[in-house]
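In: Quick check, what structure comes out for this input:
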Amino acid sequence: MNDVDYFAEYIQKLNRECPIPDDSAGHAIASMLIGHRMGLYDRAVSQGDKALNILAKTGDIPDAIPRAVQIVRSDALHMMPRQVTIKSQFDWEGKDPTHDDTRQIEDDDHAYAFEDESLSWLAVPLPEEKEDIRDAYMLDMALALLYGVAVCSSPMDEQAMEEHLHEYIIQRLGLYRE
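Out: Numbers count the residues shown, from 1 in each chain. Modelled structure (predicted):
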């Protein structure tokens, strides 16, 4: 099966089997993903915060969904100093002066990785020979999961998601498929 068909089947599986949040959470997730992909990292962070707030009030969704939002949001925070936009509420160091959003990782980066019970919701299992790229894998699987969740829960965002993210995610999934 080629990567395009594989990804389409994965999205159908999410739509059938995964409890999906409502369209407001789906729209916030879609906005976060598009912002992240377009290099608008401040928008990705703010939309990620919005999505996390909505998801916290939503029952019966897998832990993998808010965890995926945290992973993408964390990456956007890390990438903010590279953001090239005219309008940004962030200072030159990529920090929002109104928040302390620094990612403090001590010995355990558990908040920025999927737990074992969430692995069934990921598009592709991490091949053993690629353990050294675990962080990139976590981000790629978070993007794929959230793409599927956003498309299934917020159909109004499907065209924008397809235009900005579909091919990119398929390319990323191809790195892990054999």
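
In: Kindly state the pLDDT recorded for residue 131?
Out: In this model, residue 131 is scored at 69, pLDDT.

In: which residues of this structure fall in helices?
Out: With DSSP state H, the ranges of helices along the chain come out as 3-17, 23-37, 41-56, 64-79, 134-153, 158-161, 167-174.

In: I'd like to know which of these is closest to residue 118.
Out: Across the helices of the chain, residue 118 has its closest neighbour in helix 64-79 (3.6 Å, Cβ to Cβ). (Glycine included, C-beta is placed from N, CA and C.)

In: What pLDDT is listed against residue 78?
Out: 88.

In: Going forward, count from 254.
Out: Got it, the first residue is 254 from now on, which makes the last one we talked about residue 331.

In: one step back: can I get the helices of the chain in a markdown table including mean neighbour count?
Out: Compiled in a markdown table, these are given as follows (neighbours: other Cβ atoms under 10 Å):
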| stretch | mean neighbour count |
| --- | --- |
| helix 256-270 | 15 |
| helix 276-290 | 23 |
| helix 294-309 | 21 |
| helix 317-332 | 22 |
| helix 387-406 | 23 |
| helix 411-414 | 16 |
| helix 420-427 | 17 |
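
In: Quick one: low-confidence residue ranges for this protein.
Out: Within the chain, the set of residues satisfying pLDDT under 70 comprises 338-365, 382-384.

In: Output stretch 418-429 as CSV, nothing but the C-alphas.
Out: Output in CSV follows, covering the C-alpha atoms of stretch 418-429 (Å, rounded to 0.1, in the frame of the first residue of the first chain):
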residue,chain,number,x,y,z
LEU,A,418,-0.1,19.8,5.5
HIS,A,419,-1.3,16.7,3.6
GLU,A,420,1.8,16.1,1.4
TYR,A,421,4.2,17.0,4.2
ILE,A,422,2.7,14.5,6.6
ILE,A,423,2.7,11.8,4.0
GLN,A,424,6.4,12.5,3.3
ARG,A,425,7.1,12.3,7.0
LEU,A,426,5.2,9.0,7.4
GLY,A,427,7.2,7.5,4.5
LEU,A,428,10.3,7.9,6.6
TYR,A,429,9.1,5.4,9.1
